[in-house]
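Visitor: Got a sequence here, can you build the structure:
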Amino acid sequence: MVGDTERYRTLLEINNTLVSNLGREALFAAIAQALRRVVPFDRTAIFLHDPASDVLKLFVLESGLASSYFTVGLEMRPGESHVGQVFQSQRPILRTDLRTGRQYPAEDMAYADGVRSYAIVPLVVRTRAIGVLAVASTAVDQYSEGDVRFLQEVAAQVALTVENMKAYEALGDLGAQATRTAERYRTLLEINNALISNLTQDALFDAIAQALRRVVPFERTAHFGYFRLRRPDYTDEELAAWAQRLTDAAASWDAIYVYFKHEAAGKGPLLAARLTALLQPAVTAVVAEPV
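Guide: Down below sits the predicted model:
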């Protein structure tokens, strides 16, 4: 029989662990190690409620029992198990002998794993249940009402820590969202500056693509390429440069469409013909159309 002194010493140790800023896994491993000294178990688990799907999820597990189902991520409906009964009622359950009187299929599965007794207490924060803390043993009559009262004191500390962890993670998500939003506005400003900076067409779209890629990663933005060459005339060197650029880009798209400016002198069709002659077979259609 464990004395009150050892229980209080363990509570203090658990409290010190909870405020030590350990990572989640290290934190609950330390709690389980301290808890085992005064409440022996073959497995202990914390289930947390997921309001979005209304299930209790196995959040953390310390176990020496082999099981085909009792693993982290296991989900239980609140009204369909002994775990859910504790969550919904916010009252502990003490079962000293699972050889008889099992009420839920989940208890049958625990019994098949070798569990013969268990105690489950609710995790409650400001009158609101957020999950449960459970211990289980392969021995009959392993737990007493005194063990349940002690587990409730442990659960009160664990519940506050879990709630603080969730709040901290939520703040982290908000911070990440704020960072993404700031980066988007910075990108908009950068694109706006590019638009008013009198860059050439090629340099302008390169600058826009470079800024956009930072917040919206892409390999290509469509399955085809679309170009409008707006100047009324192009030199042979300029057309050759465009031909090379289009040829290099051909592998990235299913098709490339090039439009020349329609103007009074009627040079569009001639420019289209000259560009077509310079292109590799990958690009075969160049059109002169009004812009």
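Visitor: any low-confidence regions in the stretch 1-150 of the chain?
Guide: By pLDDT under 70, the low-scoring segments of the stretch 1-150 of the chain are 1-5, 7-8, 11-25.
Visitor: Going along the chain, name the helices of it.
Guide: With DSSP state H, counting those that start in this stretch as the criterion, the stretch 1-150 of the chain has helices at 4-18, 24-36, 82-89, 105-112, 145-195.
Visitor: can you list the domains in the protein?
Guide: 4-160, 222-291 (automatic domain parsing).
Visitor: With respect to burial, which of these scores highest?
Guide: Most buried of the domains of the chain, by mean neighbour count (mean count of other Cβ atoms under 10 Å): domain 4-160, with a mean of 17. The way it works is simple: take the backbone N, C-alpha and C, and place the C-beta from them, glycine included.
Visitor: thinking again about what came up before, columns distance to Ile208 on top of the domains of the chain, output as TSV?
Guide: Rendered in TSV, the data for the domains of the chain read as follows (distance: least, Cβ to Cβ, whole Å):
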stretch	distance to Ile208
domain 4-160	38
domain 222-291	14
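Visitor: Which stretch among these approaches Ala203 most closely?
Guide: domain 222-291 (12.7 Å; Cβ to Cβ).
Visitor: quick one: contacts for the nearest residue to Asp147 once chain neighbours are set aside?
Guide: Spatial nearest neighbour of Asp147, excluding adjacent residues (Cβ to Cβ, 6 or more residues apart in numbering): Val39 at 5.3 Å. Contacts for Val39 (Cβ atoms under 8 Å, 6 or more residues apart in numbering) come out as Val2, Ala119, Val135, Tyr143, Asp147, Phe150, Leu151.
Visitor: Got phi/psi on Val39?
Guide: phi -130, psi 90 (degrees, to the nearest 10).
Visitor: Check whether Val60 really touches Thr71, as I assumed.
Guide: No. The pair Val60 / Thr71 is not scored as a contact, 11.3 Å apart, by Cβ atoms under 8 Å.
Visitor: from memory Pro78 sits against Phe87, does it?
Guide: Yes. Pro78 is within contact range of Phe87, at 5.4 Å (criterion: Cβ under 8 Å).
Visitor: Need the residues touching each of those two.
Guide: Shared contacts of Pro78 and Phe87 (Cβ under 8 Å, 6+ apart): His49, Leu56.
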